Structures are given as structure tokens and as C-alpha cells.
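> predicted model and sequence below, questions to follow.
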Amino acid sequence: MPGYQRAALSWAPELAQHDFGPRGVFMGFDFHVAAAGPRLIEVNTNAGGAFLNALLADAQRACCAEIEVALGKTSNASFESAVLRMFRNEFKLQRQVGTIGRIAIVDDRPEEQYLYPEFLLAQRFFVKHGIEAVIADAGKLRYAQGTLTIDSQPIDLVYNRLVDFSLDRPGHEALRAAYLDNAVVVTPNPHVHALYADKRNLGLLSDRAALRGWGLSPAMADHLSGVPHTVVVTSDNAAQLWEKRKTLFFKPVSGYGSKGVYRGDKITKGVWAEVVKGGYVAQDFAAPGERMVKLDGTPEARKTDVRLYVYDGQILLTAARLYQGQTTNFRTAGGGFAPVFTI
């Protein structure tokens, strides 16, 4: 909606104001699902794990008749077909003509990233479908005479896995310049991040008065009741938020991977002093669901969140993460990614 877009872009950097067409591959919508129903706790534009979860789901074996039915709906072939269409459509939205010759899967020091195995799966996927693909360190990209290159080879599309959402960190100058010049298709890109993944936008989505003012229908507003109430932390509301901190979660507006996230009932005054300085939102606490897993033969409870991998409003894949602690992590024994079956 125009009103929402104006509000979301009002606090976005200048780079994010440019809309070249792409809608953002592998959007991630993260939910806590408990007795009160699903709560959308976060939106991510570079949600990792889709290729790994597709492989994981395809490797499942049925334990009972109900899962046998659910497994029949899980097809790595259909996932691959949807993903191929997604990347081709991103290119078409920006370029209108031509085809993708070479894709660069870009991150900082990709070989050191926790999800590097997924980069390899993505590279293998593109090559399988006749598209050259390289895994590239953003700092090694070069831009000259209207062409972005890696090792002197031109790049048509960047599958962007960076967490520098405004492309303004040292080493990202070439990618930023090529993006501004519309010389390469970047997905997901700064514009998509500004519209969806800045945590301040959760405040817009949970502001019923603002939604009504933009002309949102009552039915759609009811759907958005699953977004926990969220506000930006300021010096004006800091005292009030401190008093009710035990019912809140505090998140950096441009955070990722649960970094810098604090549960209010665990927060210290020292940490609070940093939060009040700015760059944080306060979100009503939404309890995660739980599932039982067997660890060395012993049943143990694990917290869960559910991630929908989405492109242009269509679900590509559903997965879950199991964990213990304040926030989602991959350090819990018996935790990590898990498949989701619809019964």
C-alpha cells in the first residue's frame, strides 16, 4: 500500500529508495506457533537454509501412515522448479530481455560462513540448470565500464547473502556502484530490505490506527493481528518500556541471526543503557512453541519457530528450527533445522 511504503522508506537510506524491480528471493517469515495461534516475530530478506531444508525434507523416511501422506507432498523437483523460475523472474523484472549467463553467490569471506555448505548446494543447483555460478567474496568484486566482474568474468545477477543491507561497509564499494548504476541484478536488494525486513516496519504492521488510515480492509487488519505489538525505543518511552520489560523482546532494527537480541526479563541495566541509545525496537513477547525430541534416547523439549520461505507472496518451502535459550540458535544439542509436515 502506498501509505505503508512511504512510512517504511521514510527511515531507509538513500540507496534503498531505488526500486529496480526485483521482489527478493527467499524471503523468510518467522513465526512462533503456540496455543494462542501463529505470531509473526520477524521478516528476513536473506533467509538462509532453503537449499539445506529442501535436501533435508527430501531425505525424510516415513515413520507412520500420516507422515507417509505428508511426504507425498514434499518434492525436491517441484522446489527446484519454483526456485529456477524465481531467479529467472528476478532477472526479467529488472532486465526485461536476455537471460542469466552468470550468477555470483556473494558474501563476506563465504568459505568462513556457517552456511557455506548451502552456498555450494546453490552453486550446484545453478550449474545443473545451465547457469554458470561462482561463490564470491564481496571484497573481490570489481566494477568498471558498466560491468561487475569477479576474476575478470562478468556477472549478470548477484544472489546477495550479505548482512550489509545498505551496501555501505568497506569492501562493498564495487557492488554498491554497480547496483546504483543498474548494471547488475541484485536480489535480495536494499529496497526490498527496507520495505520488509527493517524491524521498525513491525511497528507499522502492528499499528491498527495507521493501517486503517492507509485504507487497509478490516479483514486484512485481522490477519495482521498475528504481528506482536512493536514500538521503536526512544528516550521518550524508555522509562515506560523499562517498567514493562519483562513482557518484551528488544531487537536491533537492522539485526540478523538473533545478534544483539535481548529478552526483557533477562536484560541488565548496562545493556539497557546501550538499547536506549537508539537503533532498537521493543516487541511484545510471543512464546515459542515446543516439540519433544529424543536425545540419546531421552525425550527432551525444544523450543521451535517456523520459517516460511516465500517469493512474491507464494510459499516455496516450510521449515522449522529447534533450540534452547533466549533466542534461536544452532548450538543446541538436538536442535537446528527440522522439516515441517502438513497433516
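Sure thing, it's come through.
> list the buried residues of stretch 303-311.
Buried residues in stretch 303-311, defined by neighbour count with 16 or more other C-beta atoms under 10 Å: K303, T304, D305, V306, R307, L308, Y309, V310, Y311. Where C-beta positions appear, they are placed from N, C-alpha and C, glycine not excepted.
> also stretch 84-95?
Buried, per 16+ other C-beta under 10 Å, within stretch 84-95: L84, M86, F87, N89, E90, F91, K92, Q94, R95.
> now do the same for A287: its pLDDT.
What the model reports as pLDDT for A287 is 89.
> so how far is F341 from it?
Going from A287 to F341 by C-beta to C-beta, to the nearest Å gives 22 Å.
> now the longest helix seen in the chain, how far from the centre of its chain.
In the chain, taking DSSP state H as the definition, the longest helix is helix 76-95. How far helix 76-95 lies from its chain's middle: 18 Å, per C-alpha atoms, centre = their mean, to the nearest Å.
> where does pLDDT dip in the chain?
70-75, 255-259 (pLDDT under 70).
> surely L148 is in contact with R176?
No: checked against C-beta atoms under 8 Å, the pair L148 and R176 is beyond contact range at 10.5 Å.
> out of the two, which sits in the more crowded spot?
L148 (26 against 20; other C-beta atoms under 10 Å).
> returning to that earlier point: from the buried residues of stretch 303-311, which ones fall inside helices?
Among the buried residues of stretch 303-311, none falls in helices (DSSP H).
> go through these and name the one nearest L216.
Nearest to L216, judged by C-beta to C-beta, of the buried residues of stretch 303-311 is V310 at 19.8 Å.
> not counting sequence-adjacent ones, nearest residue to M27?
Leaving aside its chain neighbours, M27 sits nearest to V310 (4.5 Å; criterion: C-beta to C-beta, 6 or more residues apart in numbering).
> which residues does that neighbour bridge with?
Following DSSP bridges, V310 is listed with bridge partners M27, I315.
> what packs against the host helix or strand of W272?
In the assignment (DSSP states H and E), W272 maps to helix 269-276. Taking 3 or more C-beta pairs under 8 Å, 6 or more residues apart in numbering; DSSP states H and E as contact, there are no helices or strands that helix 269-276 lies on.
> in that helix, what's buried?
Quick answer for helix 269-276 (16+ other C-beta under 10 Å): W272, V275, V276.
> so can I have JSON lines of these showing distance to N182?
What follows is those, written out as JSON lines (distance: C-beta to C-beta, whole Å):
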{"residue": "W272", "distance to N182": "43"}
{"residue": "V275", "distance to N182": "38"}
{"residue": "V276", "distance to N182": "40"}
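> closest to S206 out of the residues you listed?
For those, the nearest to S206 is V275 (19.2 Å; C-beta to C-beta).
> where along the stretch 151-300 of the chain do the helices fall?
With DSSP state H, counting those that start in this stretch as the criterion, the stretch 151-300 of the chain has helices at 173-180, 190-196, 200-205, 208-213, 218-223, 238-243, 269-276.
> which one, of these, ends up nearest to I67?
With C-beta to C-beta as the criterion, I67 lies closest to helix 218-223 of the helices of the stretch 151-300 of the chain, at 29.6 Å.
> so what touches the closest one?
R208, L211, R212 (C-beta atoms under 8 Å, 6 or more residues apart in numbering).
> I'd like the distance between the last one and M1.
Remark: distance between R212 and M1 (C-beta to C-beta) = 11 Å.
> over to the first one?
Remark: distance between R208 and M1 (C-beta to C-beta) = 14 Å.
> which of those two has more residues huddled nearby?
Neighbours were counted for R208 and for M1 using other C-beta under 10 Å; R208 has more, 15 against 11.
> between A287 and F341, which is the more surrounded one?
It is F341, of A287 and F341, that has more neighbours when counted by other C-beta under 10 Å, with 15 against 12.
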